[in-house]
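# can't give you the sequence, but here's the structure:
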């Protein structure tokens, strides 16, 4: 039997709840849009710089795994608590050679054992990446051509440990490049790390400003170089190489006795040692040093 078709009034009665619901929804959307359009914009303070973040690396030893804690707004780097134990590092090697015997390089560099200090992996990666980049530039540049038949161009690198404490690690990388027909070219780079943050330190982390630091360096260095260079000392060369320019003092290391300055080849002398070095005592630097930070604690300035 075919059912009886509902009349128009009956069908309208069935649709009434749906019509009411749709109408309410439309009204809600309209109200919300008016509120958003008429509401005042939220003020954003752009005077405060965004906070930088970093990924922390830790060793596998639970006894040495420190607590990473947020730092003050003035320090955009996370730091980690440190133990009183001096971290152990090893001599690592980066090496490679051309299958046709055109070039070869061999770099030794320091690397902390995993777990010895909170940012061991980060520091190792920093140094290793730096050396790899330098080696690849050398391979693509001066090492790619032989200036003598059958010659194997070599780049040999090593490092000197200035100081390693639970808070500070300071090394000086040096290398010898014999790919030039003019003779061996020596180079160097300073590595100074704040172990609580894993980042490289700058002069601004130790001194009140760069200008004050290099001014003292420039005043003190000539007399110290007189003893270091001996008969190779030349006043005009030393004056030019120790003028108060930041570029003259890029290579500095932290020792218990003071700041070690190492000068580039031919920077202060045309003969004598390839990379002359001196140590400026802390007693001659304290007047321009900051009184906070790991170096200040090392020197006894921080209360």
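Right, received. Where do you want to start? Since the structure is predicted, the reported quantities are computational estimates derived from the model, not experimental observations. Numbers count the residues shown, from 1 in each chain.
# other SSEs contacting the strand or helix carrying residue 219?
Residue 219 is part of helix 210-229, with elements assigned from DSSP states H and E. Counting contacts by 3 or more C-beta pairs under 8 Å, 6 or more residues apart in numbering; DSSP states H and E, helix 210-229 packs against helix 235-241, strand 258-262, strand 277-281. Every residue, glycine included, has its C-beta placed from N, CA and C.
# Okay, buried residues for that helix please.
Applying a neighbour-count criterion of 16 or more other C-beta atoms under 10 Å, one finds 212-214, 216-218, 220-222, 224-225, 228-229 buried in helix 210-229.
# most packed of the helices and strands packed on helix 210-229?
Mean neighbours per residue, mean count of other C-beta atoms under 10 Å, is largest over the helices and strands packed on helix 210-229 for strand 258-262, with a mean of 22.
# number of nearby residues for residue 204?
When neighbours are defined as other C-beta atoms under 10 Å, residue 204 has 11 of them.
# give me every residue that touches it.
Applying C-beta atoms under 8 Å, 6 or more residues apart in numbering to residue 204 gives the contacts residue 210.
# Helix or strand with the lowest mean pLDDT in this structure?
Least confident helix or strand of the chain, by mean pLDDT, DSSP states H and E, is strand 68-69 with a mean of 34.
# Give the next helix or strand downstream of that one.
The helix or strand immediately downstream of strand 68-69 is strand 79-80, counting by DSSP H and E.
# Show me what that next one is packed against.
With contacts taken as 3+ C-beta pairs under 8 Å, 6+ apart, strand 79-80 sits against strand 68-69.
# Helices of the chain, start to end?
Secondary structure of the chain (DSSP state H): helices located at 8-38, 120-140, 210-229, 235-241, 294-299.
# how far away is the residue nearest to residue 194 when sequence neighbours are not counted from residue 171?
Counting by C-beta to C-beta, 6 or more residues apart in numbering, residue 201 is the residue found nearest to residue 194 once chain neighbours are left out, at 5.3 Å. Note on residue 201: its distance to residue 171, by C-beta to C-beta, to the nearest Å, is 12 Å.
# tell me the mean pLDDT for the helix holding residue 219?
The average pLDDT within helix 210-229 is 97.
# ok, and what's touching it?
203-204, 206-207, 233, 235, 238-239, 242-246, 248-249, 259, 261, 268-269, 272-273, 276-280, 284-285, 287-288.
# just the angle between that helix and strand 277-281, please?
120 degrees (axes from the mean of the first three to the mean of the last three C-alpha atoms, to 10 degrees).
# Next, the angle from helix 210-229 to strand 258-262.
70 degrees.
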